[in-house]
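>>> Need a 3D model of the following:
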Amino acid sequence: MTPFLKMHGLGNDFVVFDARKQGLALDAATARAIADRRRGVGCDQVIVVERGASGADAVMRIYNADGGEVETCGNAARCVARLLMEEMDNGAVRIDMLGGALVCTDAGGGMITVDMGAPNLMWDKVPLAHPADTNRFALNVDGASHMVSAVSVGNPHCVLFVDDADAAPVASLGPRIETHPMFPKRTNVEFVSVRDRAHLRMRVWERGAGITQACGSGTCAVAVAAHRRGLADAKVEVELDGGVLAIELRESDGHILMTGPATLSFRGEIDFAGLKL
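Presented below is the predicted three-dimensional model:
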C-alpha cells in the first residue's frame, strides 16, 4: 500500500505522493486511474513530490486527470509548500517543476503566497502556432470569432473577457479552445468578467482536467491580461467557483504574487495493483 494525502486549494483538488525517500514510477494510465472519481481516489491533478536539488527544497511533478504531465500548478504549489513549511519549520520554501522554480512564503492566517515569476507574453513562448498580438487577437471557433488574450505563466492560458462569467459557455467552448490548432500544446481557458478594477470573477476550463473549482496559474494569467488591457489594477481579488485568490503584479520586477489557502482533506493509502487501468 502506498500512502498519499488528499489536498485542495479552493476546491482544486490533488492526490499528493511523497516520493522523496522512495521513488514512485507513475505513468499516464496510473495517473488517470488515481484521478478517476468513481474507481480511484479522485482529483483534478496527481502530484508527486521528489527530492530537491540545486537549492530547491523539493521537485513537484504534476499529472492532469487525463494522465498528461504538465508544467506548473499554482494551487498545488501552495499545498506542497504548506507540507514542506510544516516539516521544515520554515516560512519560505522553493519548489522546482517543469515550468520553473516557485518560491513560496507563509503569509499568515493559513495563507501562502507563491511568487509565480514574470509572465511570458511572446507568442512563441505561450506558445501559439503563429504570430499574433497576445494582448488581443481574434480566435475563430466553429465559425464564431472570439477576442482573446494569451499568457504563459509557466503553462499556456487563453483568456476571454465576457459580460457574465457565471453564464459563460465554459463546458462547451472551453474544450474547443483547449484543443484549437492555435495552441500546439493545448491551453487552459479562462472566462472572466470585470466587476471593478480590484475585483474579477473567473471560471476555468483546465487543460486535461475540464471544469475545476479553481486554477492558480489561470488566476494569475487573468490578472495579467486584465491589467494589460487597462481593465484592472495591479492588485486584484479574483473570485473563482471555489473561493477567492489575491493577485499582485509586482511593479519592481514584474513578478506575479498569488496568495491563497492550502487545505489538507485526509490521509490514505492506495493499492496500485487494485486500480483499473
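
>>> what's next to stretch 129-144, contact-wise?
Identification of contacts with stretch 129-144 by C-beta atoms under 8 Å, 6 or more residues apart in numbering yields 121-124, 126, 128, 145-151, 158, 173, 176-177, 180-184, 225, 228-229. Every C-beta, even on glycine, is put in place using the N, C-alpha and C of the backbone.

>>> Would you list the buried entries among those residues?
121, 123, 126, 128, 146, 148-151, 158, 173, 176-177, 180, 182-183, 225, 228 (16 or more other C-beta atoms under 10 Å).

>>> Identify those among these that sit within helices.
The helices, defined by DSSP state H, take in Leu173, Arg176, Ile177, Ala225, Arg228 from those.

>>> right, and the fourth one touches Val153 too?
No: with the criterion set as C-beta atoms under 8 Å, Ala225 and Val153 do not qualify as a contacting pair; they are 10.6 Å apart.

>>> From the ones in helices among the buried ones among the contacts of stretch 129-144, pick the one nearest Leu83.
Of all these, Leu83 sits closest to Ala225, with 31.2 Å by C-beta to C-beta.

>>> Kindly reformat the ones in helices among the buried ones among the contacts of stretch 129-144 as CSV containing distance to Gln22 and pLDDT.
Output for those, formatted as CSV (distance: C-beta to C-beta, whole Å; pLDDT from 0 to 100):
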residue, distance to Gln22, pLDDT
Leu173, 43, 98
Arg176, 42, 98
Ile177, 40, 98
Ala225, 42, 98
Arg228, 45, 97
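
>>> Closest to Arg201 out of the residues you listed?
Of all those, Arg201 sits closest to Ala225, with 13.9 Å by C-beta to C-beta.

>>> count of residues packed around Ala138?
Here the number of neighbours of Ala138 (other C-beta atoms under 10 Å) works out to 9.

>>> What strand or helix carries it?
strand 137-141 (DSSP states H and E).

>>> Pull out the buried positions in that strand.
Buried residues in strand 137-141, defined by neighbour count with 16+ other C-beta under 10 Å: Phe137, Leu139.

>>> domains for the protein, by residue range?
As given by automatic domain parsing, the domain ranges for the chain are 2-117+262-274, 137-254.

>>> Out of those, indicate the one that is most buried.
domain 137-254 (a mean of 20; mean count of other C-beta atoms under 10 Å).

>>> gap between the two ends of that domain?
Start and end residues of domain 137-254 are separated by 23 Å (C-alpha to C-alpha, to the nearest Å).

>>> just stretch 38-49 next, same as before
End-to-end distance (C-alpha to C-alpha), stretch 38-49: 25 Å.

>>> Pull the residues that contact that stretch.
Here stretch 38-49 has contacts from 4, 6, 12-20, 24, 26, 31, 33-37, 58-65, 70, 73, 76, 79-80, 83, 206, 209, 212, 268, 270, 275-276, using C-beta under 8 Å, 6+ apart.

>>> right, and Glu248 touches Leu257 too?
Yes: with contact defined as C-beta under 8 Å, Glu248 reaches Leu257; the gap is 4.4 Å.

>>> what's the spacing between the strand or helix carrying Ala29 and its chain's center?
Using DSSP H and E, the element containing Ala29 is helix 28-35. Mean-position distance between helix 28-35 and its chain equals 19 Å (C-alpha atoms, centre = their mean, to the nearest Å).

>>> Contacts for that helix, please.
15, 39-46, 63-69, 270, 272, 275-277.

>>> coming back round to it: can you flag which of the contacts of stretch 38-49 belong to strands?
4, 6, 12-18, 58-64, 70, 206, 212, 268, 270 (DSSP state E).

>>> quick one: the helix or strand harbouring Ala221 to chain centroid distance?
Take DSSP H and E as the rule and Ala221 turns out to sit in helix 216-228. Chain-centre distance of helix 216-228: 12 Å, with C-alpha atoms, centre = their mean.
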